[in-house]
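Novice: Test case, fold it:
(one chain, ligands or ions: 1)
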Amino acid sequence: MNAAKAGFAALGVMVCIGYQGAKAEPMPWDDLPPGEGRELTYASCSGCHSMMLVQQQGLSREAWEDTLDWMVAEQGMPEPPPALREQILDYLAQVFSPERPYFTPDPDGPGRADRP
Ligand code: HEC
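Specialist: Numbering: from 1, shown residues only. I've put the predicted structure just below:
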């Protein structure tokens, strides 16, 4: 390996380390699309089922409200305080909207919709 190649390889390693360092450890919610309320939504929903069940949906805000109400009324989800409920709904309606901005057929990508 010549010096230029070695330098290039070293740079690649540094970039990778820098990236990992900035992210610290990958968190379980990293799979979800970024957005305000992501961690809260993960914490509120992932205790009972995979976030895959959530990510495969593409719903309007009203439909997300219905879904959340259904979780509380029928599935035993604790009713979130109103301010948190708004944050969860804002997040869900933004990233898992009918337009499905994060939908990707990539099986490793966020928002993948092709799994049970
Ligand atoms: C206390 C447990 C619990 C919590 C917390 C919970 N869920 Fe669920 N959820 C369930 C159960 C149980 C089902 C399966 C219901 C069924 O299929 O009959 C379900 C199913 C779903 C489904 C699939 C609906 C469908 O049409 O197949 C969606 C979407 C969903 N939950 C969204 C959420 C979201 C979003 C949150 C967080 C805001 C959440 N859940 C939190 C228990 C929970």
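
Novice: got the residue ranges for the helices in this structure?
Specialist: 3-23, 38-45, 52-55, 61-74, 82-95 (DSSP state H).

Novice: May I have the phi/psi pair for residue 34?
Specialist: Reported as degrees, to the nearest 10, the phi and psi values for residue 34 are phi -70, psi 150.

Novice: That one: how many residues sit nearby?
Specialist: Neighbours of residue 34 under the rule other Cβ atoms under 10 Å: 10. Where you see a C-beta, it was placed from the backbone N, CA and C, and this is true even at glycine.

Novice: before we move on, the earlier item: can you tell me which of the helices of the chain the model trusts least?
Specialist: Mean pLDDT per stretch puts helix 3-23 lowest among the helices of the chain, at a mean of 52.

Novice: Can you pull up the residues of the chain that come close to the ligand?
Specialist: 44-45, 47-49, 53-54, 57, 67-68, 71, 75-77, 88, 92 (Cβ under 6 Å from any ligand atom).

Novice: Which of those residues has the largest number of neighbours?
Specialist: In the residues of the chain next to the ligand, the most neighbours by other Cβ under 10 Å go to residue 92, 23 neighbours.
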